[in-house]
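1. only geometry, no sequence info:
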Ligand SMILES: Nc1nc2c(ncn2[C@@H]2O[C@H](COP(=O)(O)OP(=O)(O)OP(=O)(O)O)[C@@H](O)[C@H]2O)c(=O)[nH]1
């Protein structure tokens, strides 16, 4: 019945206009022929007459007012050219968009055979906020799982993983890799003299010295207790020994100022240098053996595991 149909249309229009979702219809020439309140709000069309406006006009209007879609481009026409390569190119399109005011919208576009484009938008700001909180806590958890809480260096697990992936990466190259294992000397005495807190401060201090003495791409970790390990990728034995000596000297020359006193400390280091196709276990075991030699030969020194790559250093 005509009256009923009229009522239904009016009701539908009222429903659409008061909806929390946005609705817009563009004709085959991309002219906006229908929009509800939310849609007009997104493109900040409250103050302009939309008759005859096409999509590019709407975007230009919002962009000049620094409102509407968050467009990270200096040239709006470049952006519109890009959008032209995806818009109206498929029957259905779904995408997320952030607005200058911080809101996030899920846009869906239906292209009819007759050329009209029906656009629907849904506010997904709350989901996006929850998503980014979740992402941040996952990143934090990931960081905690891989980092030694006290020194903020890589923990044992993370050190092993990083070295193994570095070894896999350089498998086919001709270069050399070095492992250095370092252990503080008489650390038990430091704990006994300055307490566990003093001991912890020493570990943090040593971690800082390591970061200072090493290059950004060297891998360093706290393996446990007062033991640290350094991996130098693509580094020959001579350079590696220089690095290990630099670390040893820096630690010996840099006392920690703790509660008005100076805590002097030393460390013993063992190093090995091998071609890139070596496995982690072998590399670590050899460096550890060299560390054992350094401890036995009086501490505060670097000892080198004897191998084809290091014989010149030992001779
Ligand atoms: N403060 C503190 N002490 C730790 C930590 N982890 C291990 N230690 C202590 O480190 C000390 C290691 O002692 P030892 O293995 O005897 O070695 P050392 O006294 O350094 O002697 P050498 O290695 O032979 O020169 C022990 O007293 C442990 O309790 C830690 O996280 N914090």
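-> Cool, the structure landed. Computed from a predicted model, the values in this text were never measured in an experiment. Numbering: from 1, shown residues only.

2. The single nearest residue of the stretch 201-315 of the chain relative to the ligand: what's its closest spatial neighbour, skipping adjacent residues?
-> In the stretch 201-315 of the chain, the residue that lies nearest the ligand is residue 225 (3.3 Å; Cβ to the nearest ligand atom). All C-beta atoms are positioned from the backbone trio N, CA, C, and that covers glycine. Closest residue in space to residue 225, ignoring its immediate chain neighbours: residue 187 at 7.7 Å, by Cβ to Cβ, 6 or more residues apart in numbering.

3. which ones are touching that neighbour?
-> When contacts are counted by Cβ atoms under 8 Å, 6 or more residues apart in numbering, residue 187 touches 199, 202, 225, 226, 265.

4. That one and the ligand, how far apart?
-> As for residue 187, its distance to the ligand is 3 Å (criterion: Cβ to the nearest ligand atom, to the nearest Å).

5. again, but for residue 24
-> Note on residue 24: its distance to the ligand, by Cβ to the nearest ligand atom, is 62 Å.

6. wait, isn't that residue in contact with residue 32?
-> Yes. Using Cβ atoms under 8 Å, residue 24 is in contact with residue 32, at 6.2 Å.

7. are any of the contacts of residue 187 buried, and which?
-> For the contacts of residue 187, a burial check counting by 16 or more other Cβ atoms under 10 Å picks out 199, 202, 226, 265.

8. who in the stretch 201-315 of the chain is up against the ligand?
-> Residues of the stretch 201-315 of the chain found near the ligand, taking Cβ under 6 Å from any ligand atom as the criterion, are 203, 225, 226, 295, 299.

9. Need the max-distance pair from those residues.
-> The span of those, defined through Cβ to Cβ, is set by 203 and 295 at 18.3 Å.

10. In terms of neighbours, single out the busier of those two.
-> Shown here are residue 203 and residue 295; by other Cβ atoms under 10 Å, residue 203 has more neighbours (21 against 14).

11. what's near enough to touch that one?
-> Contact analysis of residue 203 by Cβ under 8 Å, 6+ apart lists 150, 151, 222, 226.

12. Now that we have those residues, can you turn them into TSV and tack on pLDDT and secondary structure?
-> TSV is the format used below for the contacts of residue 203 (pLDDT from 0 to 100; DSSP: H, G, I helix; E, B strand; the rest coil):
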residue	pLDDT	secondary structure
150	97	coil
151	97	coil
222	98	strand
226	96	coil
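
13. Would you map the strands across the stretch 201-315 of the chain?
-> Here the stretch 201-315 of the chain has its strands, by DSSP state E, counting those that start in this stretch, at 219-224, 227-232, 256-258, 261-263, 267-275, 302-304.

14. Which strands or helices does the last one pack on?
-> Meaning strand 302-304. For strand 302-304, the packing partners by 3 or more Cβ pairs under 8 Å, 6 or more residues apart in numbering; DSSP states H and E come out as helix 237-253, strand 267-275, helix 280-296.

15. Deepest-packed of the ones you listed, please.
-> Mean neighbours per residue, mean count of other Cβ atoms under 10 Å, is largest over the helices and strands packed on strand 302-304 for strand 267-275, with a mean of 25.

16. what inclination does that one have with respect to helix 237-253?
-> Angle, strand 267-275 to helix 237-253, by axes from the mean of the first three to the mean of the last three Cα atoms, to 10 degrees: 170 degrees.

17. Pull up the pairing partners for strand 267-275, direction included.
-> Looking at strand 267-275 with DSSP bridges, its partner strands are strand 176-184 (antiparallel), strand 302-304 (parallel).

18. Any idea which of the ones you listed gets closest to residue 241?
-> Of all the strands paired with strand 267-275, strand 302-304 sits nearest to residue 241, with 6.6 Å by Cβ to Cβ.

19. Next, report how far that closest one is displaced from the centre of its chain.
-> 36 Å (Cα atoms, centre = their mean, to the nearest Å).

20. Going by secondary structure, the residue positioned nearest the centre of the chain is in what exactly?
-> Among the residues of the chain, the one closest to the centroid is residue 139, at 7.9 Å (Cα atoms, centre = their mean). Using DSSP states H and E, the element containing residue 139 is helix 125-146.

21. Quick one: list the elements packing against whichever helix or strand comes after that helix.
-> Heading C-terminal from helix 125-146, the first helix or strand you meet, by DSSP H and E, is helix 156-170. Helix 156-170 sits against helix 125-146, strand 176-184, strand 219-224, strand 227-232, helix 280-296, with contacts defined as 3+ Cβ pairs under 8 Å, 6+ apart.

22. Make TSV out of those and add distance to residue 75.
-> Converted to TSV, those look like this (distance: least, Cβ to Cβ, whole Å):
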stretch	distance to residue 75
helix 125-146	27
strand 176-184	48
strand 219-224	43
strand 227-232	46
helix 280-296	51
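
23. And for the residue of the stretch 1-150 of the chain found nearest the ligand, the neighbour number?
-> Residue nearest to the ligand within the stretch 1-150 of the chain: residue 150 (6.0 Å; Cβ to the nearest ligand atom). Residues lying near residue 150 (other Cβ under 10 Å) number 13.
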